[in-house]
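*Asks:* one predicted model, sequence on top.
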Amino acid sequence: MRVLRRSKRGPDVKRWQHFLIDQGLLDGAADGIFGVQTDASTRAFQERECLDVDGIVGPNTLGRAEGRGLVPFRRLRDAEVTPALAAEAKHLLALHHAAPYGSEYPVEVEGGRYLARLEEHYHEPGGALKPWGYHPGISLFAAVAQGPDEPVHDDGCA
């Protein structure tokens with residue numbers, strides 16, 4: 001996940017907002033816009049977790065959130081996309097091609113957990129990949145394996 005802060009937009013912001021809602025720190029719906037309420041909720045999370053309170057979701061804040069249940073994802077490389085994953089991506093694209101870009105769908109294929117995101121794709125005209133030009137496509141992300149949780153101290157900041 002990229003570093004998140006005020007004015008950022010996108011599906012990763014929406015995922016962060018869902019996490020804050022689950023933590024009881026953000027009211028309302030996740031809209032994918034890191035605005036005033038998301039900033040205040042992020043600061044509340046940082047304060048509760050004894051982190052530097054700056055409203056920025058960087059490595060320390062993200063790491064603590066992962067210890068609290070946030071599942072990080074990374075984009076799959078082409079070589080990692082199996083025929084079964086490609087088939088599922090095509091199926092999802094057929095079902096959701098008219099959905100807004102940034103829409104995300106959980107996928108379980110061959111025992112793995114993935115996230116499929118509808119995005120605008122581009123293929124060079126005349127190239128091997130079709131359709132050429134701009135078009136909706138599915139990008140696949142894998143859940144990052146997490147190590148053992150670090151102990152979290154709930155008895156105040158040291």
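*Replies:* On my side now, so go ahead.

*Asks:* so the residue located most distally from the centre of the chain versus residue 132, what's the distance?
*Replies:* Relative to the centre of the chain, and counting by Cα atoms, centre = their mean, the farthest-placed residue is residue 126 at 32.8 Å. Here residue 126 is placed at a distance of 7 Å from residue 132 (Cβ to Cβ, to the nearest Å). For every residue, glycine as well, the C-beta is placed using N, CA and C.

*Asks:* check which residues of the helix or strand bottoming out on mean pLDDT in the chain are buried.
*Replies:* Using mean pLDDT, DSSP states H and E, strand 73-75 stands out as the lowest-scoring helix or strand of the chain, at a mean of 84. Within strand 73-75, the residues that count as buried by 16 or more other Cβ atoms under 10 Å are residue 73.

*Asks:* quickly run through the sheet partners of that strand, with directions.
*Replies:* Looking at strand 73-75 with DSSP bridges, its paired strands and their directions are strand 133-143 (antiparallel).

*Asks:* quick one: contacts of the strand it pairs with?
*Replies:* Residues external to strand 133-143 that are found in contact with it (Cβ atoms under 8 Å, 6 or more residues apart in numbering): 71-76, 80-81, 85, 89-90, 92-93, 97, 101, 107, 112-123, 125.
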